[in-house]
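Engineer: A predicted structure for the sequence below; I have some questions about it.
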Amino acid sequence: MDTGADAKPELRLIPKIDALVRHPELKEARAALGEPGVVELARLIAADVRREILAGAPASSLDACAERVRQHYLALATSRMRRVINATGVVLHTNLGRAPLSQEAVEAVTLAARGYEVLEVDVESGKRGGRGGFAERALSSLTGAEAALVVNNNAAAVLLVLAGLARGRGVVVSRGELVEIGGGFRVPEVMQSSGARLIEVGTTNRTRIGDFARALDEHADADVLLRVHPGNFKQIGFVEAADRRELARLAVDRGKLFVEDLGGGALVDLEAHAGLSGEPLARECIRQGAMLVCFSCDKVLGGPQAGAIVGRSSLVDKLRKDPLARALRLGPLPLAALEATLASYLAGDFGAIPVLAMLAMPLAEVEARVMRWCELLRGADVDAVPVHTEGRVGGGTLAEEPLPTVALCLEVPSAAELVRSLRAGEPPVFARVHEERVLFDGRTVLPHEDDDLVRAIIAAVRALRT
Ligand SMILES: *Cc1c(COP(=O)(O)O)cnc(C)c1O
């Protein structure tokens, strides 16, 4: 209850809203948010100050209040998505948005965003139709599966499969595959929220087909055998895992389902395309007998955030009708991007997909690019040299596979200070620190970003010199 200014004379000292809004320290905030936006922030701060005074705190000055508004504005501005330059050498950097889209995908998103589109309507009859038909047909054809369904991401795909096919039933998983993918995706927890019961078999390092067979003998409710591709780590040494073909045969013999969470979802052979071995192809999983395969569309596939479920049409149809499918459905903008990305695959135009282009870029080309950066920097009196190093595919793909690369190397008094300054620039640049040197990878910076990168490096180095 407000006892008014009589009880607390300091309340009269709260700065007036328009005095706050006009404060010179808030020039940048006014330019960015417009006056009404700053008025809103000023009201918030004034209300905070009022509460604090009523709680016994002293009044703050106009300048102090303006500074609080400015801090609030900065927090707001920096929490917004912005373009960054990825010089980390991690191609699929989850915190930086994973796969950059192809030109075709960008254009498709723009078109879909600008106006209306044929999303869920049959053009001939004018009646309601299904969403995602093209992407699903393309995914079926690219993976050799009977049917496909697209959802919001791979976590949603796995959740939908488990909930739709094994709610209240048992799912058998190897202990070696009860992994955490990152960003809170832990196989046992997803299982729990789907309502399926986890049946663990084998040991951390060794699981045999017999372990799965025994689990089916011992648990009458076991309906699904699940295989998870532990993409972000690799077990070496005394390890054994059940073979995909054996699992498929066991499932068929016992009348059970065999499902695979593939993670990456490669649609082309990365060994032939980029000399990277070991990443399973979605098509191969289907061919070897997986009845359903789930994967991300923004990992090695190189598309937007989306999840794919491919496999037997009877199972896919059942999932399509599950009420959860509606909650997990893919939005029209990522769907437009996915369609365009898959169209490039269908056309065999892999070079159009930035992730594949980056992975396939020959080392000599990466090196030539980094030499060019070095030259431009030398012109601005910044000394840099190219170094051969290793990048990563990222996104839970090919954990142990080195990705040979060339980086621009800067030696500075404080690497930590330079990377902080680079992140504070516009656009921010994310680089890598290795042995107190700052590395800028020639593979992950996008083709049109050379000038921006060089400018950002010069600005950051000069900022530290002064
Ligand atoms: C990345 C990954 C996921 C999660 O996929 P999102 O598309 O990020 O939701 C699930 N399972 C595996 C094996 C993964 O690698």
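Structural biologist: That came in fine, so what should we check first?

Engineer: can you tell me which helix in the chain is longest?
Structural biologist: helix 27-54 (DSSP state H).

Engineer: quick one: buried residues of that helix?
Structural biologist: By 16 or more other C-beta atoms under 10 Å, the buried positions in helix 27-54 come out as 29, 30, 33, 38, 39, 41, 42, 45, 46, 49, 50, 53. Where you see a C-beta, it was placed from the backbone N, CA and C, and this is true even at glycine.

Engineer: ranges for the strands of the stretch 251-400 of the chain?
Structural biologist: Assignment of strands within the stretch 251-400 of the chain using DSSP state E, counting those that start in this stretch yields the ranges 257-263, 292-296, 307-311, 385-394.

Engineer: same check, this time on the stretch 51-200 of the chain
Structural biologist: Under DSSP E, counting those that start in this stretch, the stretch 51-200 of the chain gives strands at 85-86, 90-92, 147-151, 170-174, 180-182, 185-186, 197-201.

Engineer: If you count contacts, what does the second one end up packed against?
Structural biologist: In this case it means strand 90-92. Secondary-structure packing of strand 90-92 (3 or more C-beta pairs under 8 Å, 6 or more residues apart in numbering; DSSP states H and E): helix 354-360, strand 385-394.

Engineer: so what strands line up beside it?
Structural biologist: strand 385-394 (parallel) (DSSP bridges).

Engineer: what comes up buried for the partner strand?
Structural biologist: 386, 389, 391, 392, 393, 394.

Engineer: who's in contact with the helix or strand following it?
Structural biologist: Per DSSP states H and E, the first helix or strand lying C-terminal to strand 385-394 is strand 403-411. Outside strand 403-411, the residues within contact range by C-beta atoms under 8 Å, 6 or more residues apart in numbering are 87, 89, 91, 276, 359, 363, 366-367, 369-370, 373-374, 377, 382-393, 418, 432, 436-443, 457, 461.

Engineer: In the stretch 151-300 of the chain, what residue lies closest to the ligand?
Structural biologist: Relative to the ligand, the nearest point of the stretch 151-300 of the chain is residue 263 (2.5 Å; C-beta to the nearest ligand atom).

Engineer: what sits against that residue?
Structural biologist: 154, 181, 228, 229, 231, 295, 296, 299, 396, 397.

Engineer: What residues are bridge-paired with it?
Structural biologist: residue 295.

Engineer: any idea how far it lies from residue 460?
Structural biologist: 35 Å (C-beta to C-beta, to the nearest Å).

Engineer: ok, now residue 262?
Structural biologist: 40 Å.

Engineer: so how far is stretch 301-318 from its chain's centroid?
Structural biologist: 18 Å (C-alpha atoms, centre = their mean, to the nearest Å).

Engineer: quick one: average confidence on it?
Structural biologist: Averaged over stretch 301-318, pLDDT sits at 98.

Engineer: Check whether it comes near the ligand.
Structural biologist: Yes. With C-beta under 6 Å from any ligand atom as the criterion, the ligand is reached by stretch 301-318 at residue 307.

Engineer: possible to save the helices and strands packed on strand 90-92 as a markdown table with mean pLDDT?
Structural biologist: Output for those, formatted as a markdown table (pLDDT from 0 to 100):
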| stretch | mean pLDDT |
| --- | --- |
| helix 354-360 | 96 |
| strand 385-394 | 95 |
